[in-house]
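K.L.:
everything below, folded, please.
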Amino acid sequence: MTEVRPRVRTAVPRERRAGNSVARLVVWPVVGMVVTVVAWWLATDVSALVHPAVLPPPGEVLTAFTAKPSLLLGGMVETALEVLIGFVLSAVAGILIGLALSASRTLERMFSPLLVGINAIPKVTIAPLLVFAFGWGQQPILIMVFLLCFFPIVLATTAGLNAAPAELVELARSLSASRWQAFRKIRMPAALPQIFVGLKVAMPLAAIGAVIGEFQAGAGRGLGTQIIQFGGSGDSATAWVAILLVGVMSITLYYALVLVEHLALPWVRETTSSR
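P.N.:
Residues are numbered from 1 along each chain as shown. The predicted model follows:
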């Protein structure tokens, strides 16, 4: 019988690991962006498969950006502030609601169906009502961001707290740990990766909520307002610049949140497998 020998994993040099990290974080996203732009150019400028009124060629979009950089970047800053404020409010409220639902089975049974029903309501339908109730300006936009963001945060917080390792919870009880000590030492650290999943799901939704709110209530110069104004006037190239800036803003905020998770939860990288 052939002897089966265990496979020995050789240590990967630090320089090689650093190179792989750079490739994963920088090189491959750049390659993907280049491929996307080339496909966009082929579809709009070379083969004319897409009408320029729907999607202008990359050159026209770049020219439109260079014609109004301060206006467009200022709109991105305004929308980003709305996204951040609404996201922080929804994160605080969502985590607190998730804590309450995980602490009481009665509260979870009472209010979980209500939260699901609120989340199922198409938010576009209530945007005009928010404008009617709160007027033009930032307040209905922040409410729209909040409504789109808070449910995945509540769900992730509740699921993470309820999924704490049973053996560790029993160990804490056997050591006569108080409920607060078990929560602080076991349940909350175990729930943090799941909570960050909910936050990362909510971050792009915050950008969507801000743009939808600006469509209806934008009295300023945010990107949503600019999309409506330039698109309505037939300037599709500038409207697409605003659309692309929404994407750039969302990517930046999302990976900023990933960086926060990377710094706040160093033990996750050590206890989970990576590809």
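K.L.:
would you check how far apart the residue nearest the centre of the chain and residue 159 are?
P.N.:
Nearest residue to the geometric centre of the chain (CA atoms, centre = their mean): residue 203, 2.3 Å. If you measure residue 203 against residue 159 using CB to CB, to the nearest Å, the figure is 18 Å. For every residue, glycine as well, the C-beta is placed using N, CA and C.
K.L.:
all helices of the protein, in order?
P.N.:
Shown for the chain, the helices assigned by DSSP state H span residues 14-22, 28-41, 58-67, 69-103, 105-120, 123-134, 138-162, 166-174, 179-182, 188-217, 223-232, 236-264, 266-271.
K.L.:
buried residues in the fourth one?
P.N.:
Translated: helix 69-103. Of the residues in helix 69-103, 72, 74-76, 78-80, 82-87, 89-91, 94-95, 97-99, 101-102 count as buried by neighbour count, 16 or more other CB atoms under 10 Å.
K.L.:
against which helices or strands is that helix packed?
P.N.:
Judged by 3 or more CB pairs under 8 Å, 6 or more residues apart in numbering; DSSP states H and E, helix 69-103 is in contact with helix 105-120, helix 138-162, helix 188-217, helix 223-232, helix 236-264.
K.L.:
and if you look at the second one?
P.N.:
In this structure, helix 28-41 makes packing contacts with helix 58-67, judged by 3+ CB pairs under 8 Å, 6+ apart.
K.L.:
doesn't residue 153 make contact with residue 199?
P.N.:
Yes. Residue 199 lies in contact with residue 153 (CB atoms under 8 Å); the separation is 6.2 Å.
K.L.:
anything in contact with each of these two?
P.N.:
Contact criterion CB atoms under 8 Å, 6 or more residues apart in numbering; residues shared by residue 199 and residue 153: residue 91.
K.L.:
buried residues in stretch 256-270?
P.N.:
By neighbour count on 16+ other CB under 10 Å, the buried set for stretch 256-270 is 257, 261, 265.
K.L.:
actually stretch 198-209, sorry about that
P.N.:
Applying 16+ other CB under 10 Å to stretch 198-209 flags 198, 199, 200, 202, 203, 204, 205, 206, 207, 208, 209 as buried.
K.L.:
do the same with stretch 42-53
P.N.:
For stretch 42-53, by 16+ other CB under 10 Å, it's residue 44.
K.L.:
ok so, going back, can you list the buried residues of stretch 198-209 in TSV and add distance to residue 68 and pLDDT?
P.N.:
Converted to TSV, those look like this (distance: CB to CB, whole Å; pLDDT from 0 to 100):
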residue	distance to residue 68	pLDDT
198	37	93
199	33	94
200	32	94
202	31	94
203	27	93
204	25	93
205	28	93
206	25	93
207	21	93
208	24	91
209	25	90
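K.L.:
show me the contacts for the nearest residue to residue 84 once chain neighbours are set aside.
P.N.:
Closest residue in space to residue 84, ignoring its immediate chain neighbours: residue 253 at 7.3 Å, by CB to CB, 6 or more residues apart in numbering. For residue 253, the contact set (CB under 8 Å, 6+ apart) comprises 80, 83, 84, 87, 203, 206, 207.
K.L.:
fine by me, thanks again.
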